[in-house]
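> prediction below, plus the sequence it came from.
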Amino acid sequence: MTTTGEGHDADDARDAHDLDGTRGHHAAPPSAIERRVAAIESLLVEKGLITSDAVDAVVAAYEHDIGPLNGARVVARAWVDDDYRRRLLADGTAAIGELGYGGAEGEHLVVVENTPEVHNLVVCTLCSCYPWPVLGLPPRWYKSFAYRARAVREPRAVMAEFGTTVPDDVEVRVWDSSAEVRYLVLPLRPPGTAGMGEAELAGLVTRDHMIGVVR
Amino acid sequence: MTARPPSPATDLPVDVPRRNGELVFAAPWEGRAFGLAAAYVEASGVGWGAFRDRLIAAIADLPDGTPYYEAWVSALERLIAEAGLAPPGAR
C-alpha cells in the first residue's frame, strides 16, 4: 500500500486496460440501446410506477456521493479504534451502519481482514455483486468475464496484473459474493502511519485495496 | 432507499472519491439504466434479489463481451415483462 496517495494514474490506466479483450466492442449500436432504455423509462413513468426525478436522484447519488470513500472511512475507523474493528469483523452490516452507511446491496456485509499471514480477494463469479454502500458501483474490470472467471482459478496471476505480489508464504483467500453476502476487505494498516489521524488514513485506502486486488 | 446520503463521519473533502474511483457510468444511458432499475425495484417492492436473478440469467444468455449495462437493460426488460407491464409486442 502506498502512503503517498500517488499511483492513481496507474490505477486509471488499469481501469482502461483491456482485461478481457472486449473493450470497445458493442453488440448493439448505442442508439439502439438508448432507445430501449428510453422505452423502459416511458413505460414505467406512464404506468405511474416511477418518476424521472426519482431516477435522476439515484443516478446523482451514485455519481457523486456513494463511492469508495465510504469504505475508506470504515477502514480508517477500524485502524484507529480496536473495539470498532472487532465489531466490524463480528457484524459488518451493523458496524458499517454505525457510520451511516447501508441500503441496497448492503444488507449482509462481511468484512474480511488481511493479516501478515492472509490476503483476501473478492469476486462475484456469476454477475457483479458488490457492496454498493461502501464501494459504490463496481469498476468495469470487476464485471468482466475475465476477472470473474480467473479470480478464483488463478488469483495470484490476476493480482499480479494489478502490480500486486503476495509472498508465497501468505495464504490467498478468494471470496465469491454470489450468494446474499457482500464482502469488503480490511487491508493492513501501512507502516509509518502511526501519527496519522482518521481522515488522513482514509485518504490512503483505495477501492482496489478493499476488493483485494491490491495489498 | 438506495440513495442514502453519506454521513459526515469525517471531514474529508468531498472530491476524494474521484481519486480512487473511475467514472461510474461510461455513457448517459448506462446511468439511466441503473437509475431506472433502482427506482423500479424500490417502487415495486420486487426486491434486488429478483433483479439479480434476471441479471445473472441475462449475462449467461448474452455473448461474452456484451457490454455489462446491456445485460442490465435486458434484466430490467425481463422483470418488467414478467410483471405484465410491457405493452404487447414489446420485449
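Thanks, I have the structure now. Every value quoted in this text rests on a predicted model; they were computed, and no experiment measured them.
> and the biggest helix by length in chain A, how far from the chain's centre?
When chain A is parsed with DSSP state H, its longest helix is helix A:30-46. Centre-to-centre, helix A:30-46 and its host chain are 29 Å apart (CA atoms, centre = their mean, to the nearest Å).
> and if you look at stretch A:45-55?
29 Å.
> so for that stretch, mean pLDDT?
Mean per-residue pLDDT for stretch A:45-55: 94.
> contacts (any at all) between chain B and it?
Yes - counting by CB under 8 Å from any CB of the partner chain, chain B has neighbours in stretch A:45-55: A:47, A:49-51, A:54-55. The way it works is simple: take the backbone N, C-alpha and C, and place the C-beta from them, glycine included.
> any of the residues you listed buried? List them.
A:49-50, A:54-55 (16 or more other CB atoms under 10 Å in any protein chain shown).
> hmm, back to that, which other residues reach the longest helix of chain A?
With contacts defined as CB atoms under 8 Å, 6 or more residues apart in numbering or on different chains, helix A:30-46 is touched by A:26, A:50-52, A:55, B:27, B:29, B:32-33, B:36, B:39-40, B:67, B:69-70, B:73, B:76-77, B:80, B:85-87, B:90.
> so where's the longest helix in chain B?
Under DSSP H, chain B gives helix B:28-44 as its longest helix.
> how about it: buried residues?
By 16+ other CB under 10 Å, the buried positions in helix B:28-44 come out as B:29-42, B:44.
> one more: stretch A:162-182?
When burial is assessed from 16+ other CB under 10 Å, stretch A:162-182 yields the following buried residues: A:162, A:164, A:166, A:174-178, A:181-182.
> phi and psi next, for the one residue in chain A that gets nearest to chain B.
For chain A and chain B, the shortest gap (CB to the nearest CB) falls at A:Gly100, measuring 2.8 Å. Backbone torsions for A:Gly100, taken as degrees, to the nearest 10, come to phi 90, psi 10.
> can you check A:Phe162 too?
Per degrees, to the nearest 10, the backbone of A:Phe162 is at phi -100, psi 10.
> and the closest residue to it other than its chain neighbours, what is it in contact with?
Once flanking residues are discounted, A:Phe162 sits nearest to A:Val213: 4.3 Å by CB to CB, 6 or more residues apart in numbering or on different chains. Residues in contact with A:Val213, defined by CB under 8 Å, 6+ apart, are A:121, A:158-159, A:162, A:164.
> what residue ranges in chain A score low on pLDDT?
Residue ranges of chain A with pLDDT under 70: A:1-30, A:179.
> centroid-nearest residue for it?
Nearest to the geometric centre of chain A sits A:Leu135, at 4.4 Å (CA atoms, centre = their mean).
> tell me, how many residues neighbour A:Thr115?
11 (other CB atoms under 10 Å in any protein chain shown).
> about what we covered before: show me the contacts for the residue nearest to the centre of chain A.
A:Leu135 is in contact with A:67-68, A:70-71, A:184, A:207, A:210-211, counting by CB under 8 Å, 6+ apart.
> show me which of the residues you listed is closest to B:Ala57.
A:Ile211 (24.8 Å; CB to CB).
> how far away is that closest one from A:Val158?
11 Å (CB to CB, to the nearest Å).
> more neighbours: these two, which one.
A:Ile211 (27 against 23).
> wait, that one touches A:Tyr142, no?
Yes - the pair A:Ile211 / A:Tyr142 is scored as a contact, 6.8 Å apart, by CB atoms under 8 Å.
> look up phi and psi at A:Gly92.
Backbone torsions of A:Gly92, given as degrees, to the nearest 10, read phi -60, psi -40.
> how many other residues sit next to A:Glu117?
If we define neighbours as other CB under 10 Å, then A:Glu117 has 8 of them.
> now do B:Asp61
B:Asp61 is flanked by 11 other residues according to other CB under 10 Å.
> now the nearest residue to it once chain neighbours are set aside: which helix or strand?
Distances taken as CB to CB, 6+ apart put B:Ser74 closest to B:Asp61, at 7.7 Å, once the chain neighbours are dropped. Per DSSP states H and E, B:Ser74 falls inside helix B:68-82.
> please apply the same query to B:Ile56.
Judged by DSSP H and E, B:Ile56 forms part of helix B:48-61.
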